[in-house]
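S.K.: Provide a 3D model corresponding to the input given below.
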Amino acid sequence: MKLLDVKLMHPADQLIVVISRIYRSGLTTTSGGNISIKDDNGDIWITPAGIDKGTLTRKDIVCIKADGEVVGLHRPSSEFPFHKAIYDVRPKISAVIHAHPPALVAFSITHQIPNTNIIPQAKNICGAIGFAPYDVPGSKALGKKIANEFKKHPDYKAVIMENHGVVLGGTDMKDAYQRFETLEFCARTVINARILGHPNYLTDEQIDHHERALPTDFPYFMHVTYPSDERDIRDQIIKIVHRACHQGLMISSYGTVSVRWRGNDFLITPANIPRWEMEAEHILQIKDGKVEAGKKPSRSVALHQEIYQSNPKINSIILTQPPHIMGYCTSGVKFNVRTIPESWVFLKDIPLVPFGIQYEDNKRVAELLKTNPAVMLSNDSIVVTGDGLLNTFDRLEVAEFSAKSLIMGMSIGTLQPITDEEIEALRMAFHVE
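M.R.: Just a heads-up that it's a prediction; the model follows:
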């Protein structure tokens, strides 16, 4: 089930979709975390206390009426007081998520706030972040402290809770979940960059310039047709997008997939559609450099077009932000894939290019991809290519596994990479150009 249209979806169903997604993604425990929605009647729908987050159904959701009446089979979450307190001080917030995701808890217990200037969309989606002093869970005192943070800064939609976790709000549940997922991803990226070395943060001016540099004025074409081979590509793309989300290789707020169709024409994912929610109808065609009318393509569409035009052997592209790879993208530390034979054979050496280069000089990225199947974009993402979509996705998985192994390896010893002689033997054995 997806949050396709939260305006038409019952609040209880929205809560089930999101709490299940949070639990399956390893961002809360069986007993931890709670989420709620305030509807147009002023009623608050909230997850129950003491019920397994992995098995919740619609009948388990509790409703607290505007007059205080509790309707449901269970007690409401013990943290209901701070949910209500947030709604009271911020009327435009209609969805709240509280959980204990590992990276944000790391910031919570070290009394820090993650710097969202690590990547552009984190700052844009998460905004300014507050910090609420500790108090007893479920107490009115805790609710007051959290509400004070949301009241203190009218732009706060996320607050780190001292020695507890995080609480986030949104205009609806889809908005709150995207902010929650993005902030945890941001925290993981900062932690991985710190393990490797020192995070390189972007200035506000760099982020603003980045946003202005993104192409928005695309030529369009009408009279779109959808032959069977085109529909097949749409299905392939959607399956890979959802698979990437389930594998933790893509989040709601970022990730682009494209596949060559005919000649240099290709299909690509759209902008502004949460990746978990994406369907085949959202995919759009790029023909002769023009965009399918009525749809908005990924903001990296010009880069994809340049790659296909410059590299006839490349048939698919994935641009995304796996958390361990992003540690390298945001620290500037060399990503040495000479770890195990599979890593080098699949990836060869992965260059890192400066922030913003994919918009200012996309020909440079396309040129690097003639000899390297993947390129890292500083403080942005990794671009992975292949002769087919499954081959490209496999390379992406291998790259993230390699980055994770390297970061884990730093805690137990010094990296001992495959030697140049061993690389040459691999080159010959696997016919690597």
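S.K.: quick one: low-confidence parts of this protein?
M.R.: The model of the chain has pLDDT under 70 over residues 1, 4.
S.K.: ok, 50 please
M.R.: With pLDDT under 50 as the threshold, the chain has no low-confidence stretch at all.
S.K.: ok, longest helix in it?
M.R.: Taking DSSP state H as the criterion, the chain has its longest helix at helix 173-196.
S.K.: List the buried residues for it?
M.R.: Of all the residues in helix 173-196, those buried under the rule 16 or more other CB atoms under 10 Å are 173-193, 195-196. For the C-beta atoms, the positions are set from N, CA and C on the backbone; glycine is no exception.
S.K.: same deal with stretch 360-373?
M.R.: Quick answer for stretch 360-373 (16+ other CB under 10 Å): Asn362, Arg364, Val365, Ala366, Glu367, Leu368, Leu369, Pro373.
S.K.: Could you pull up phi and psi at the fourth one?
M.R.: Ala366 adopts backbone torsions of phi -60, psi -40, taken as degrees, to the nearest 10.
S.K.: quick one: the helices in the stretch 1-150 of the chain?
M.R.: Shown for the stretch 1-150 of the chain, the helices assigned by DSSP state H, counting those that start in this stretch span residues 11-24, 80-89, 102-109, 120-126, 140-152.
S.K.: Domains of this protein: list them as residue ranges, please.
M.R.: Residue ranges for the domains of the chain, per automatic domain parsing: 11-196, 214-429.
S.K.: in this protein, which residue is closest to the centre?
M.R.: A centroid search over the chain (CA atoms, centre = their mean) returns Ile251, at 2.3 Å, as the residue closest to the centre.
S.K.: The nearest residue to Met222 once chain neighbours are set aside: what's it in contact with?
M.R.: Spatially, and ignoring its direct neighbours in sequence, Met222 is nearest to Ala293 (5.1 Å; CB to CB, 6 or more residues apart in numbering). Contact analysis of Ala293 by CB atoms under 8 Å, 6 or more residues apart in numbering lists Tyr220, Phe221, Met222, Val224.
S.K.: Show me where the stretch 301-433 of the chain has its helices.
M.R.: 301-310, 323-331, 341-347, 357-360, 362-368, 389-409, 420-429.
S.K.: nearest to Ile146, of those helices?
M.R.: Comparison of the helices of the stretch 301-433 of the chain against Ile146 by CB to CB identifies helix 323-331 as nearest, at 27.1 Å.
S.K.: Which residues outside the host helix or strand of Ile207 are in contact with it?
M.R.: Applying DSSP states H and E as the criterion places Ile207 in helix 204-213. Contacts with helix 204-213, where a contact means CB under 8 Å, 6+ apart, come from Asn117, Pro120, Lys123, Asn124, Leu202, Phe355, Gly356, Tyr359, Glu360.
S.K.: mind pulling up the phi and psi values for the residue nearest to Met222?
M.R.: Dihedral angles of Ala293 (phi, psi; degrees, to the nearest 10) stand at phi -60, psi 140.
S.K.: Could you number the chain from 368 rather than 1 from now on?
M.R.: Sure, I'll start counting at 368 from here, so that last one is Ala660.
S.K.: So which of the helices of the stretch 368-517 of the chain is nearest Ile779?
M.R.: Distance to Ile779, taken as CB to CB, is lowest for helix 469-476 among the helices of the stretch 368-517 of the chain, at 20.0 Å.
S.K.: for that closest one, packing partners?
M.R.: Judged by 3 or more CB pairs under 8 Å, 6 or more residues apart in numbering; DSSP states H and E, the packing partners of helix 469-476 are strand 525-528, strand 532-537, helix 540-563.
S.K.: re earlier: was I right to think the residue nearest to the centre of the chain contacts Arg642?
M.R.: Yes - between Ile618 and Arg642 there is a contact at 6.9 Å, judged by CB atoms under 8 Å.
S.K.: Give me the common contacts of those two.
M.R.: Cys612.
S.K.: what sits against Phe588?
M.R.: Counting by CB under 8 Å, 6+ apart, Phe588 touches Lys654, Asp655, Lys657, Val658, Glu659, Ala660.
S.K.: so what's it bridging to?
M.R.: Phe588 forms beta bridges with Glu659, as assigned by DSSP bridges.
S.K.: do you know how far it is from Glu727?
M.R.: Remark: distance between Phe588 and Glu727 (CB to CB, to the nearest Å) = 27 Å.
S.K.: Kindly report the same for Gly494.
M.R.: As judged by CB to CB, Gly494 and Glu727 stand 26 Å apart.
S.K.: Same question for Ser745.
M.R.: Taking CB to CB as the measure, Ser745 and Glu727 are separated by 12 Å.
S.K.: And Leu735, by the same measure?
M.R.: Using CB to CB, Leu735 is found at 15 Å from Glu727.
S.K.: Around Ile774, how many other residues sit close by?
M.R.: Ile774 is flanked by 20 other residues according to other CB atoms under 10 Å.
S.K.: Hmm, Asn559 and it touching each other?
M.R.: Yes - Ile774 is within contact range of Asn559, at 5.9 Å (criterion: CB under 8 Å).
S.K.: Overlap in contacts, those two.
M.R.: With CB under 8 Å, 6+ apart, Ile774 and Asn559 have common neighbours His691, Gly694.
S.K.: ok, back up a step: residue contacts, the residue nearest to the centre of the chain?
M.R.: Neighbouring residues of Ile618 by CB under 8 Å, 6+ apart: Glu548, Thr549, Phe552, Cys612, Arg642, Gln688.
S.K.: Mind picking the two most distant members of those?
M.R.: So, these by CB to CB: farthest apart are Thr549 and Cys612, at 13.0 Å.
S.K.: joint contacts of those two?
M.R.: Jointly contacting Thr549 and Cys612 under the rule CB under 8 Å, 6+ apart are Ile618, Ser619.
S.K.: picking that back up, switch the helices of the stretch 368-517 of the chain over to a markdown table; also include mean neighbour count.
M.R.: Shown next, in a markdown table, are these (neighbours: other CB atoms under 10 Å):
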| stretch | mean neighbour count |
| --- | --- |
| helix 378-391 | 20 |
| helix 447-456 | 22 |
| helix 469-476 | 19 |
| helix 487-493 | 21 |
| helix 507-519 | 19 |
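S.K.: closest one to Thr759 among those?
M.R.: Closest of the helices of the stretch 368-517 of the chain to Thr759 is helix 487-493, at 22.1 Å (criterion: CB to CB).
S.K.: what's near enough to touch Lys519?
M.R.: The contact partners of Lys519, by CB under 8 Å, 6+ apart, come to Gly497.
S.K.: Let me know the distance separating it from Phe447.
M.R.: 22 Å.
S.K.: pretty sure Ser772 contacts Thr706?
M.R.: Yes - with contact defined as CB under 8 Å, Ser772 counts as touching Thr706 (6.1 Å).
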